[in-house]
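Visitor: For reference, the sequence and a predicted model appear below.
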Amino acid sequence: MIHLRDVSVVVPAQRRGEADRALLSGVTLDLTESRIAVIGANGSGKSTLLRLLNGLREPTSGQVLVHGHDTVKASKKVRSLVGFVFTDPLAQLLMPTPIEDVELSLRARIKDRAARTAQAARLLEERGVGRVAHQSIYDLSGGERQLVALTSVLAVEPKVVVADEPTTLLDLRNKMLLREVLGALPQQVIFSTHDLDFAREAQRVIVIDEGRVLADGAPSEAIDAYVGAMSR
Ligand SMILES: Nc1ncnc2c1ncn2[C@@H]1O[C@H](COP(=O)(O)OP(=O)(O)OP(=O)(O)O)[C@@H](O)[C@H]1O
């Protein structure tokens, strides 16, 4: 459960004479549903919103609470509660091979090395990427990489998974597979997407426009509001 209270994110002017720039303005949201999609035009503020949810970005004003923990004051706790999946898995895969990457995620919970390796192998197997466990991450397909990144994120057993356009770089087959995998997770999943069919699978859709919430509610109504706004 995540609550945003009158959150704004403002970046200071880069040059003299320029105004400060608000990336998000006065956003208040109670994120309680188990599947929430965030949609909006390029540059509308979707990534900025999602990054607030695990403390990757701090609000300039207002507050973000994750299961009661303030993302600024309790950033370490919040990062353990919220796993973040990036559009490009290479942005988050830190180790040369999948098995090492998942092992790294498991380091805090499993001290014994052999047990950790065995668990990493089991988790990769469960996600259908066991056969590439020892391959270089650079030799994996985009779909395999995204599944490995997700395996590493899930290895720390977060309560919430936040995914920033997780299917954008994937082909149709892998898009479908990842949608299925995310759909089956027991965790709360909050994702941004430009794929309106994917957004329709959520219980709730939030439309961001120029840093503000333009619409928020059942998928069909929120998507209609978005399409209407984009057609104007
Ligand atoms: N650190 C920053 N400093 C200045 N501007 C920034 C910063 N981070 C993001 N922006 C700007 O804020 C706006 C919103 O960016 P954001 O990445 O949240 O959009 P988005 O809705 O996720 O876009 P897309 O669909 O293209 O991924 C963009 O115009 C971006 O250039």
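Guide: Thanks, I have the structure now.

Visitor: Can you name the residues bridging to the residue positioned nearest the centre of the chain?
Guide: For the chain, the residue nearest the mean C-alpha position is Ala163 (2.1 Å; CA atoms, centre = their mean). Taking DSSP bridges as the rule, Ala163 bridges to Val85, Phe191.

Visitor: check contacts around it.
Guide: Counting by CB atoms under 8 Å, 6 or more residues apart in numbering, Ala163 touches Leu50, Phe84, Val85, Leu182, Val189, Ile190, Phe191, Ser192. Bear in mind the C-beta positions are built from the backbone N, C-alpha and C, glycine included.

Visitor: out of those residues, who's nearest the ligand?
Guide: Lowest distance from the ligand to these (CB to the nearest ligand atom) belongs to Ser192, with 6.3 Å.

Visitor: from what I can see the closest one touches Gly45, true?
Guide: No: counting by CB atoms under 8 Å, Ser192 does not reach Gly45; the two are 9.9 Å apart.

Visitor: elements contacting the helix or strand harbouring Gln146?
Guide: Assessed by DSSP states H and E, Gln146 sits inside helix 142-155. The contact analysis (3 or more CB pairs under 8 Å, 6 or more residues apart in numbering; DSSP states H and E) places helix 142-155 against strand 82-85, helix 98-106, helix 113-126, strand 160-164, helix 172-184.

Visitor: Residues touching that helix, excluding its own?
Guide: The contact list for helix 142-155 (CB under 8 Å, 6+ apart) reads 83-86, 89-90, 92-93, 98, 101-102, 104-106, 119-120, 123-124, 126-129, 132, 137, 140, 161, 166, 169-171, 173-174, 177-178, 181-182, 185, 187.

Visitor: just to revisit the earlier point, save the contacts of Ala163 as a markdown table, and put in neighbour count too.
Guide: Compiled in a markdown table, the contacts of Ala163 are given as follows (neighbours: other CB atoms under 10 Å):
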| residue | neighbour count |
| --- | --- |
| Leu50 | 23 |
| Phe84 | 21 |
| Val85 | 24 |
| Leu182 | 20 |
| Val189 | 23 |
| Ile190 | 25 |
| Phe191 | 27 |
| Ser192 | 26 |
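
Visitor: Show me what the helix or strand encompassing Leu24 is packed up against.
Guide: Applying DSSP H and E as the criterion places Leu24 in strand 21-31. Contacts defined by 3+ CB pairs under 8 Å, 6+ apart place strand 21-31 against strand 2-11, helix 46-53, strand 61-66, strand 212-217.

Visitor: still on that earlier bit, can you list the contacts of Ala163 in CSV and add distance to the ligand and pLDDT?
Guide: Formatted as CSV, these follow (distance: CB to the nearest ligand atom, whole Å; pLDDT from 0 to 100):
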residue, distance to the ligand, pLDDT
Leu50, 8, 98
Phe84, 13, 96
Val85, 14, 95
Leu182, 18, 94
Val189, 17, 98
Ile190, 13, 98
Phe191, 12, 98
Ser192, 6, 97
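
Visitor: From the ligand, how far off is the residue nearest to the centre of the chain?
Guide: Remark: distance between Ala163 and the ligand (CB to the nearest ligand atom, to the nearest Å) = 12 Å.

Visitor: Distance to Ala155 added to the helices and strands packed on strand 21-31, as TSV?
Guide: As requested, the helices and strands packed on strand 21-31 are exported to TSV (distance: least, CB to CB, whole Å):
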stretch	distance to Ala155
strand 2-11	21
helix 46-53	19
strand 61-66	19
strand 212-217	32
